[in-house]
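Colleague: Sequence first, predicted model second:
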Amino acid sequence: MLTGNASAATLADSSTLVVETVGSVLTIGLNRPAKRNALNDGLMAALKDCFTDIPDDIRAVVIHGIGDHFSAGLDLSELRERDATEGLVHSQTWHRVFDKIQYCRVPVIAALKGAVIGGGLELACAAHIRVAESSAYYALPEGSRGIFVGGGGSVRLPRLIGVARMADMMLTGRVYSAADGVVHGFSQYLIEDGSAYDKALELGNRVAQNAPLTNFAVLQALPMIAEANPQTGLLMESLMATVAQSDQEAKNRIRAFLDHKTAKVKPT
Ligand SMILES: COc1cc(/C=C/C(=O)SCCNC(=O)CCNC(=O)[C@H](O)C(C)(C)COP(=O)(O)OP(=O)(O)OC[C@H]2O[C@@H](n3cnc4c(N)ncnc43)[C@H](O)[C@@H]2OP(=O)(O)O)ccc1O
């Protein structure tokens, strides 16, 4: 990890986010619509603060864009002023912010619309569920800007869509539609324009009703199990399953089902 003058902490600019609590869901709106929610240092510092201090009563987080777009990615006006050392520090700063999102104790849902570009796409990759309205489109124009992804995109995006597809996006500047995003495994929901925020909030309320231990297992254990060798993964799965089913919450929920006091599983 680089340190030194280049790591001088950037002050969080709280005006760049609109943070609200809706029941047990925290909603975080990227709030630079005049700049298409380009991610500058002040916004990234504010985002880090948000994910450092998730209140105890919050059970899910929704990230969305204010205006017509999710995010146009890195604020290119700040890139001009960076030398190589500052660039490394900057990239690692982004990694820490997006790691906070990926390893958040509660599920994070990204509500996508309009431009989901470059660093905006990397931000969306750090979320656990992606909801896209038809207007959403995805691109990695780093190639044409003469740069490379710096927000963990080369680690997270290939795990969702594959190395070859990401390489094609970066080399050719190919733009994928919202529908392509679902087909290729990037987003899990495709919905009509204007409804990404509402759908994400609905999902936030839904996941908030799960046993916290199940959500913990899905967020923290599942990604590790999926990347582990099969023997290690199966052992981790058994351990996690044992811990979860021993919890009183699981016992109460299973009892409620057997006593016909809870909803059955039906197609939606
Ligand atoms: C290297 O280390 C890194 C890298 C990274 C991550 C890198 C990246 O994210 S690369 C991708 C950067 N983004 C782009 O190239 C997209 C540029 N924007 C656009 O193509 C368009 O603006 C649009 C998003 C398609 C929207 O078009 P439109 O609605 O027509 O709006 P405009 O008139 O074009 O823009 C309005 C206003 O916003 C400014 N703006 C838009 N995007 C950005 C941006 N990315 N940065 C700065 N400013 C932006 C635009 O200039 C206009 O401003 P005015 O003052 O002229 O009104 C991560 C970490 C690393 O370490």
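Modeller: Yep, it's here.

Colleague: which residues of the chain fall in strands?
Modeller: Using DSSP state E, the strands assigned to the chain run over residues 17-22, 25-30, 60-65, 108-112, 115-117, 129-133, 137-139, 176-177, 189-191.

Colleague: starting at the chain centroid, how far to the fourth one?
Modeller: Going by Cα atoms, centre = their mean, to the nearest Å, the spacing between the C-alpha centre of strand 108-112 and its chain's C-alpha centre is 6 Å.

Colleague: That one packs against which elements?
Modeller: Other elements packing on strand 108-112 under the criterion 3 or more Cβ pairs under 8 Å, 6 or more residues apart in numbering; DSSP states H and E are strand 60-65, helix 119-126, strand 129-133, helix 196-208. Any C-beta I mention is one placed from the backbone N, CA and C, and that applies to glycine too.

Colleague: got it, and the second one?
Modeller: Applying 3+ Cβ pairs under 8 Å, 6+ apart, one finds that strand 25-30 makes contact with strand 17-22, helix 41-52, strand 60-65, helix 196-208.

Colleague: Repeat the analysis, applying 6 Å as the threshold.
Modeller: strand 17-22, strand 60-65 (3 or more Cβ pairs under 6 Å, 6 or more residues apart in numbering; DSSP states H and E).

Colleague: Quick check: can you name the pairing partners of the last one and their directions?
Modeller: Put plainly, it is strand 60-65. Strand 60-65 sits in its sheet next to strand 25-30 (parallel), strand 108-112 (parallel), going by DSSP bridges.

Colleague: Near the ligand, which residues of the stretch 51-200 of the chain are found?
Modeller: Residues of the stretch 51-200 of the chain found near the ligand (Cβ under 6 Å from any ligand atom) are 69, 72-77, 87, 90-91, 94, 115, 117-119, 141-142, 145, 147-151.

Colleague: got a list of contacts for the helix-or-strand element of the chain with minimal mean pLDDT?
Modeller: In the chain, no helix or strand scores lower on mean pLDDT, DSSP states H and E than helix 76-79, which sits at a mean of 90. With contacts defined as Cβ atoms under 6 Å, 6 or more residues apart in numbering, helix 76-79 is touched by Asn40.

Colleague: change it to 7 Å
Modeller: Helix 76-79 has contacts (Cβ atoms under 7 Å, 6 or more residues apart in numbering) with Asn40, Asp41, Arg145.

Colleague: and of the residues you listed, the nearest to Glu133?
Modeller: Among the contacts of helix 76-79, Asn40 lies closest to Glu133 (Cβ to Cβ), at 24.9 Å.

Colleague: Count the residues that sit near that closest one.
Modeller: By the measure other Cβ atoms under 10 Å, the count of residues near Asn40 is 19.

Colleague: From what I see, it and Gly73 are in contact.
Modeller: No. Asn40 lies out of contact with Gly73 (Cβ atoms under 7 Å); the separation is 10.9 Å.

Colleague: shared neighbours of the two, anything?
Modeller: With the criterion set as Cβ under 7 Å, 6+ apart, the contacts of Asn40 and Gly73 do not overlap.

Colleague: before we move on, the earlier item: which of the helices and strands packed on strand 25-30 is buried the deepest?
Modeller: Of all the helices and strands packed on strand 25-30, strand 60-65 has the most neighbours on average by mean count of other Cβ atoms under 10 Å, namely a mean of 27.
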